[in-house]
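1. I'd like to go over a predicted model; first the sequence, then the structure.
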Amino acid sequence: MDIRITKAETLKDKVDDAHLGFGQYYTDHMFIMPYDEGQGWHDAQIVPYAPFTLDPAAMVFHYAQECFEGMKAYRTPKGGVQLFRPERNARRMNSTHRRLCIPEIPEEDFVDAVKQLVALERSWVPHSPDTSLYIRPTTIATEPHLGVKPSNSYLFFIICSPVGPYYAEGLDPIKIYVEDELTRAAPGGTGFTKAGGNYAVSLAGQVKAQQLGYSQVLWLDAVHRKYVEEVGSMNCFFKVDGTIYTAPAGGTVLPGITRASCMELLADWGYPVKEEALAIDSLMAAADDGRLEEVFGTGTAAVISPVGELRYKDKSVIIHKGEIGEVTARLYATLTGIQWGTLPDEKGWIVPVD
């Protein structure tokens with residue numbers, strides 16, 4: 001893809017790796033590419049990071065025709081920069097586009113745009129352990145129109161943010177609250193996409209959990225209110241009697257790229273992995289009699305997040321004595337080793353940035 005580059009005249013000061021936080025600082029440049037009906041995606045550019053000007057009637061504001069992806073660039077011990085399975089992000093974004101009636105972006109153009117932007121911003125990729133450059137590709141509907149229909153114009157853009165760990169706890173086990181009143185996604189809806197509305201409807205549950213002293217929400221299915229699905233912004237895994245369970249990504253659960261990678265690794269290591277509905281009552285019973293051995297969340301932002309406590313209704317259970325489990329720790333060490341280049345990439349998941 002031919003991308004026109006306009007470099008920023010003044011560059012920002014870099015933030016010390018120890019004070020990055022998550023999603024607070026942004027690099028000097030961004031990628032932009034508009035879409036217009038009859039013209040398609042066109043005029044791809046990398047330009048200085050700056051605010052957009054949008055019409056107040058832009059359809060993204062009124063009908064939420066918007067979606068995003070989350071991915072990272074990693075600094076290797078030798079100073080190189082690499083991406084982790086970027087083609088999977090491109091594929092998933094197009095799946096979201098199809099559900100939201102947004103024109104698809106060729107996968108190779110998506111990946112090329114990410115690579116060229118990260119190559120220009122490579123000095124922003126932090127060097128310290130557990131840090132990375134978070135990449136946020138986003139599409140918004142830009143047509144000024146107040147009738148309900150698919151927009152005839154869009155903007156695809158990519159911004160980057162140097163980040164530290166997503167959770168302040170780092171790899172310490174987090175506490176999870178099981179939400180049984182509110183729901184996140186229903187069959188036939190957009191639960192499998194990265195539409196911004198999915199995250200908006202989750203905020204009330206997240207606030208409720210935090211007010212009770214919990215880090216995140218474990219959502220139950222919207223039909224029966226009994227089967228476990230996602231944890232906040234993560235997929236979730238449960239190790240019960242040596243078998244590892246995760247909710248099927250069949251429409252209400254995001255098909256996470258970290259999730260898929262964990263499932264491949266677990267299969268390689270000989271663990272039985274089942275994608276099936278798991279009732280919260282069965283899970284709590286397994287915790288009572290010692291069969292619930294480990295719980296962990298997976299996602300691009302946090303990578304692997306061990307869960308040390310679950311609360312459902314008025315009952316709390318401690319998992320693995322509140323400590324990180326063996327499988328959880330092994331997955332974290334293996335995935336981050338591949339991502340940061342300290343372990344060999346035997347799966348073909350890494351894409352170097354030139």
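-> Sure thing, it's come through. Keep in mind the model is a prediction, meaning the values are calculated, not measured. Numbers count the residues shown, from 1 in each chain.
2. list the contacts of Ala286.
-> Val240, Asp241, Leu292 (C-beta atoms under 8 Å, 6 or more residues apart in numbering). Where you see a C-beta, it was placed from the backbone N, CA and C, and this is true even at glycine.
3. domain-wise, how is this structure divided?
-> Following automatic domain parsing, the chain resolves into domains at 4-163, 174-339.
4. and Tyr167, what pLDDT?
-> Tyr167 is assigned a predicted lDDT (pLDDT) of 78.
5. and the residue nearest to Ala64 when sequence neighbours are not counted, backbone torsions?
-> The shortest distance from Ala64 to any non-neighbouring residue, by C-beta to C-beta, 6 or more residues apart in numbering, is to Gly197 (4.9 Å). As for Gly197, its main-chain torsions (degrees, to the nearest 10) stand at phi -60, psi -30.
6. burial check on Gly197, number of neighbours?
-> The number of residues packed near Gly197 is 17, by other C-beta atoms under 10 Å.
7. is it in contact with Thr190, as I believe?
-> Yes. Using C-beta atoms under 8 Å, Gly197 is in contact with Thr190, at 6.8 Å.
8. picking that back up, now, of the contacts of Ala286, which are buried?
-> Val240, Leu292 (16 or more other C-beta atoms under 10 Å).
9. looking at the contacts of Ala286, which is nearest Gly205?
-> Leu292 (22.2 Å; C-beta to C-beta).
10. ok, now how distant is the closest residue to the closest one other than its chain neighbours from Gln39?
-> Of all residues not flanking Leu292 in the chain, Ala286 sits nearest, at 4.2 Å (C-beta to C-beta, 6+ apart). Applying C-beta to C-beta, to the nearest Å, the value for Ala286 to Gln39 is 56 Å.
11. who's Val217 bridged to?
-> Tyr177 (DSSP bridges).
12. pLDDT at it, what is it?
-> 96.
13. isn't it right up against Gly232?
-> Yes. Counting by C-beta under 8 Å, Val217 does reach Gly232; the two are 5.6 Å apart.
14. name the residues contacting each of those two.
-> Common neighbours of Val217 and Gly232 (C-beta under 8 Å, 6+ apart) are Ser202, Gln206.
15. which SS class is Ala277?
-> coil (DSSP: H, G, I helix; E, B strand; the rest coil).
16. got the CA coordinates for stretch 196-211 in CSV?
-> These are the backbone C-alpha positions of stretch 196-211, laid out as CSV (Å, rounded to 0.1, in the frame of the first residue of the first chain):
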residue,chain,number,x,y,z
GLY,A,196,-17.3,0.2,21.3
GLY,A,197,-20.9,-0.3,22.4
ASN,A,198,-20.0,-3.6,24.0
TYR,A,199,-17.7,-1.8,26.3
ALA,A,200,-20.1,1.0,27.1
VAL,A,201,-22.7,-1.4,28.3
SER,A,202,-20.2,-3.2,30.5
LEU,A,203,-19.2,0.0,32.5
ALA,A,204,-22.1,-0.2,35.0
GLY,A,205,-21.1,-3.7,36.0
GLN,A,206,-17.4,-2.7,36.2
VAL,A,207,-18.3,0.2,38.5
LYS,A,208,-20.4,-2.0,40.7
ALA,A,209,-17.6,-4.5,41.0
GLN,A,210,-15.0,-1.8,41.9
GLN,A,211,-17.3,-0.3,44.5
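17. what does that stretch contact?
-> Contact with stretch 196-211 is made by 64, 66-68, 176-177, 179, 182, 184-185, 190-191, 215-217, 219, 232-233, as judged by C-beta under 8 Å, 6+ apart.
18. what about those residues, which are in strands?
-> Using DSSP state E, Glu66, Cys67, Phe68, Ile176, Tyr177, Glu179, Gln216, Val217, Trp219 are the members of these that sit in strands.
19. burial of the closest residue in space to Phe68 that isn't next to it in sequence, as a residue count?
-> Nearest non-adjacent residue to Phe68, counting by C-beta to C-beta, 6+ apart: Thr138, 4.3 Å away. Per other C-beta under 10 Å, the neighbour tally for Thr138 reads 18.
20. who are the contact partners of Ile158?
-> By C-beta under 8 Å, 6+ apart, the neighbours of Ile158 are Met30, Phe31, Ala113, Val114, Leu117, Ile135, Arg136, Pro137, Thr138.
21. most neighbours among these, please name it.
-> Most crowded among the contacts of Ile158, counting by other C-beta under 10 Å, is Leu117 at 26 neighbours.
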